[in-house]
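Asks: Need a 3D model of the following:
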Amino acid sequence: MLNEFKAFISKGNVLDLAVGIIIGAAFTAIVTSLVDDLVNPLIGMIVGGIDFSSWGFSIGEAKFAIGSFVNAVIKFLIVAWVVFLLVKFINKLMPKKEAPAAAPAGPSEAELLAQILAELKKK
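Replies: Residues are numbered from 1 along each chain as shown. Here you go, the predicted structure:
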């Protein structure tokens, strides 16, 4: 079982996935800083100095942090945009795959029937 696990974990796809997860975690810290330290203050200036992180309301004991949700949406949009640009860039770098050559056209139905008829006439 240990050898099977070694074979599984050393496959290229698993290692690529692990690297992607590690880079993604590091990238999340960058995006969090970007949103919290740059985007939110900029949006706050535009809308009159409102700090999103303080937005919220309470109903009884429950507190609804709308500002945190807005921050999460902004972070998601930034990450989605960067991933879109990254995939677009990588697709430009990758060589284009040529369409497979079309299979040679076989005889038409009429030609097949003519061949069958010729064979039957021979017998």
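Asks: What residues sit buried inside the longest helix anywhere in the chain?
Replies: Ranked by number of residues, the top helix in the chain under DSSP state H is helix 66-93. Residues of helix 66-93 classed as buried: 67, 70-71, 74-75, 78-79 (neighbour count, 16 or more other C-beta atoms under 10 Å). Every residue, glycine included, has its C-beta placed from N, CA and C.
Asks: now those residues in JSON lines, with distance to K96?
Replies: Shown next, in JSON lines, are the buried residues of helix 66-93 (distance: C-beta to C-beta, whole Å):
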{"residue": "G67", "distance to K96": "45"}
{"residue": "V70", "distance to K96": "41"}
{"residue": "N71", "distance to K96": "40"}
{"residue": "I74", "distance to K96": "35"}
{"residue": "K75", "distance to K96": "34"}
{"residue": "I78", "distance to K96": "30"}
{"residue": "V79", "distance to K96": "28"}
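Asks: Pick out the most distant pair among those residues.
Replies: G67 and V79 (18.7 Å; C-beta to C-beta).
Asks: Run the chain-centre distance for stretch 46-59.
Replies: 32 Å (C-alpha atoms, centre = their mean, to the nearest Å).
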